[in-house]
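Peer 1: output the structure for:
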Amino acid sequence: MSNLYNYSAVNKRKTWFLMTGFFIFIMLVGYVFAQVMDEPGIVYLAVIISVVMSFISYWYSDKIVLSMSGAKEVDKNSGRELYRLVENLCIAAGLPVPKIYIIEDSAPNAFATGRDPEHAAIAVTSGILGKLEKVELEGVIAHELSHIGNRDILISTIATVLVGVVVLLADWFRHWSFLGGRKNNSDSNSNNQLGTIMVVLALVFAILAPIFAQLLQLAVSRKREFAADADAALLTRYPEGLARALEKLSADREPLEAANRATAHMYIVSPFKGKEGNGQVSWFTKMFMTHPPINERIAKLRGSL
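Peer 2: Coordinates of the predicted model:
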């Protein structure tokens with residue numbers, strides 16, 4: 001079990017390291033664009049707009065996602081066994097019992113949402129309830145409770161804000177460039193050369209920055225999955241349960257009809273059943289994945305990495 005403690009701590013540190021790098025990257029992009037456009041206020045405006053958009057998403061995304069997924073709420077009477085399982089794990093984790101939803105879909109999957117532990121929800125598909133044994137389902141629920149306890153929705157929202165800032169800045173710079181850009185300033189050759197270098201650098205940032213920002217967001221998401229796996233194993237005291245559940249979810253090739261690209265990262269495994277589950281995945285492919293390869297997650301749970 002000591003390895004699992006290490007995995008959880010290391011991945012949480014890596015998450016905050018990535019988030020720190022994310023903030024530094026935002027400041028660098030903002031500085032370059034502001035210098036070239038000679039409009040420092042545009043950075044603040046981009047931040048304000050992104051924060052407002054993400055604030056709305058943070059407070060209402062749970063209702064939106066649950067509605068999009070066709071999830072139906074159950075309670076201790078209509079879903080007694082599931083409710084009792086969640087309740088027992090919440091007692092062990094020291095968390096309030098979240099709202100519990102079932103998605104009528106035979107593809108096995110689950111996700112958690114909500115802005116904090118007091119306003120959280122867990123959704124599971126009917127497929128996962130029918131295909132997993134109790135200890136396996138406990139591992140899945142513990143994983144989702146770990147996301148709630150670790151406030152991963154908050155981290156995801158912050159990452160969304162940062163990506164939004166980069167995208168807005170890049171869009172504004174491209175439009176500014178097309179409309180004629182900076183006025184010529186003939187003070188000196190050195191100033192003109194410096195201005196040209198800054199414009200070229202800004203153009204490169206405008207093209208590459210949104211891609212890099214989204215890669216950082218995906219990296220943060222993958223680290224949170226590893227941390228939630230480790231925390232779930234510690235909560236249930238039976239890492240094999242979650243490992244077996246991930247094996248079954250990986251082997252099941254049925255895509256989840258209720259999922260879409262906007263919500264795919266929320267599920268315990270990718271709902272689109274791509275090639276990330278088994279075999280070796282190149283580092284390049286891994287960068288664009290919403291989830292870590294399932295074989296790596298299983299190996300970590302079983303202590304073979």
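Peer 1: contact partners of stretch 77-86?
Peer 2: The contact list for stretch 77-86, computed with C-beta atoms under 8 Å, 6 or more residues apart in numbering, reads 74-76, 97-98, 100, 102, 122, 124, 129, 134, 137-138, 141, 145. All C-beta atoms are positioned from the backbone trio N, CA, C, and that covers glycine.
Peer 1: write a PyMOL command that selects only the buried members of these.
Peer 2: Buried subset of these, written as a PyMOL selection, criterion 16 or more other C-beta atoms under 10 Å:
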select buried, resi 74+97+98+100+102+122+124+137+138+141+145
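Peer 1: the nearest residue to K76 once chain neighbours are set aside is in what secondary structure piece?
Peer 2: The spatially closest residue to K76, leaving aside those adjacent along the chain, is Y83, at 4.4 Å (C-beta to C-beta, 6 or more residues apart in numbering). Assigned by DSSP states H and E, Y83 belongs to helix 80-93.
Peer 1: for L203, same thing?
Peer 2: Counting by DSSP H and E, L203 is found in helix 189-236.
Peer 1: show me which residues of the helix or strand just after that helix are buried.
Peer 2: Using DSSP H and E, the next helix or strand after helix 189-236 towards the C-terminus is helix 239-251. In terms of neighbour count (16+ other C-beta under 10 Å), helix 239-251 has its buried residues at P239, G241, L242, A243, R244, A245, L246, E247, L249, S250.
Peer 1: now swap in stretch 224-244 and tell me
Peer 2: 224-236, 238-239, 241-244.
Peer 1: now the helix holding L203 against helix 239-251, angle please.
Peer 2: When axes from the mean of the first three to the mean of the last three C-alpha atoms, to 10 degrees is applied, the directions of helix 189-236 and helix 239-251 differ by 120 degrees.
Peer 1: what pLDDT does the model give the spatially most central residue of the chain?
Peer 2: Nearest to the mean C-alpha position of the chain, by C-alpha atoms, centre = their mean, lies S221 at 3.6 Å. S221 carries a pLDDT value of 85.
Peer 1: for it, what are its contacts?
Peer 2: S156, A159, H265, T290, H291.
Peer 1: please repeat the previous calculation with a cut-off of 7 Å.
Peer 2: S156, H265, T290 (C-beta atoms under 7 Å, 6 or more residues apart in numbering).
Peer 1: next one: stretch 295-305 to chain centre, how far?
Peer 2: In terms of C-alpha atoms, centre = their mean, to the nearest Å, the centre of stretch 295-305 is found 21 Å from the chain centre.
Peer 1: send me it as PDB with only the CA atoms.
Peer 2: Provided in PDB are the C-alpha atoms of stretch 295-305 (Å, rounded to 0.1, in the frame of the first residue of the first chain):
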ATOM      1  CA  ASN A 295      -3.000  -0.800 -18.900                       C
ATOM      2  CA  GLU A 296      -0.800   1.700 -17.100                       C
ATOM      3  CA  ARG A 297      -3.600   2.400 -14.600                       C
ATOM      4  CA  ILE A 298      -4.000  -1.300 -13.900                       C
ATOM      5  CA  ALA A 299      -0.300  -1.800 -13.600                       C
ATOM      6  CA  LYS A 300       0.100   1.000 -11.100                       C
ATOM      7  CA  LEU A 301      -2.800  -0.500  -9.000                       C
ATOM      8  CA  ARG A 302      -1.200  -3.900  -9.000                       C
ATOM      9  CA  GLY A 303       2.200  -2.400  -8.100                       C
ATOM     10  CA  SER A 304       4.000  -3.600 -11.300                       C
ATOM     11  CA  LEU A 305       5.300  -0.100 -12.300                       C
END
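Peer 1: which positions within that stretch qualify as buried?
Peer 2: N295, E296, R297, I298, K300, L301.
Peer 1: in TSV: those, plus distance to V167, pLDDT and secondary structure.
Peer 2: Listed next are the buried residues of stretch 295-305 as TSV, based on distance: C-beta to C-beta, whole Å; pLDDT from 0 to 100; DSSP: H, G, I helix; E, B strand; the rest coil:
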residue	distance to V167	pLDDT	secondary structure
N295	33	93	helix
E296	30	92	helix
R297	30	94	helix
I298	35	95	helix
K300	33	92	helix
L301	36	93	helix
